[in-house]
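Novice: predicted structure and sequence below. I'll ask about it afterward.
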Amino acid sequence: MTKKKELRGKCGCGNVKYTIKNEPLFTQACHCKDCKISTGSSFVIHTMVLEKDLEVKGDVASMELPTGSGKGVNAYFCIICGVYVFCKYNISPGRIAIRTQTLEDPITPQAHIFVKDKDPWIEINDKKICYDKFYDRDKTWPKKSLDRI
Ligand SMILES: [Zn+2]
Ligand SMILES: [Zn+2]
């Protein structure tokens, strides 16, 4: 067993700092068009945590954005530098998706979703973790994460 360790991250200017108090649930990259627009890049990486495990310091602004599910997502930004630090999908209450690269020690994705929309110059070596659209969570997430949600 590895010792429970806290993870820390921050926005670009350091106004927003956060701590994740328990092990994250799952980390995934998404290659869909909405995520490309929101990052200005080829994919986003999200680390899912329980809302109760997240402690945030510094003021954030939020805004609701559309998602593929039609349910929407509330995105949270640093009010000073505008960096998009985390979001809450309305489809999964009680959970938060952290933008993985705002972590001090980023986590390697355990799945790639919407690979059908992936930029052609990106080559993902591990094909077993690639999904055309979404995956079946019960078959993909580790059991210890499923037990917590
Ligand atoms: Zn900031
Ligand atoms: Zn996406």
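Specialist: Happy to help now that I have it. Ligands and ions are numbered 1, 2, ... in the order given.

Novice: can you point out the buried residues in the lowest-mean-pLDDT helix or strand in the chain?
Specialist: Here the helix or strand of the chain ranked lowest by mean pLDDT, DSSP states H and E is helix 33-39, holding a mean of 91. Across helix 33-39, burial judged by 16 or more other C-beta atoms under 10 Å covers 34, 35, 36, 38. Where you see a C-beta, it was placed from the backbone N, CA and C, and this is true even at glycine.

Novice: can you check stretch 47-67 too?
Specialist: For stretch 47-67, by 16+ other C-beta under 10 Å, it's 47, 48, 49, 50, 53, 54, 58, 60, 67.

Novice: who's in contact with the residue most central in space within the chain?
Specialist: Relative to the mean C-alpha position of the chain, the nearest C-alpha, by C-alpha atoms, centre = their mean, is the one of residue 46, at 1.7 Å. By C-beta atoms under 8 Å, 6 or more residues apart in numbering, the contact set of residue 46 is 27, 28, 29, 30, 87, 97, 98, 99, 100.

Novice: hmm, try it at 7 Å
Specialist: 27, 28, 30, 97, 98, 99, 100 (C-beta atoms under 7 Å, 6 or more residues apart in numbering).

Novice: among these, which one lies nearest to residue 42?
Specialist: residue 30 (10.4 Å; C-beta to C-beta).

Novice: surely the closest one is in contact with residue 43?
Specialist: Yes: taking C-beta atoms under 7 Å as the definition, residue 30 is a contact partner of residue 43 at 6.1 Å.

Novice: those two: who's more crowded?
Specialist: Ranked by neighbour count (other C-beta atoms under 10 Å), residue 30 and residue 43 place residue 30 first, with 25 against 22.

Novice: what does the more buried one show for phi and psi?
Specialist: Dihedral angles of residue 30 (phi, psi; degrees, to the nearest 10) stand at phi -120, psi 130.
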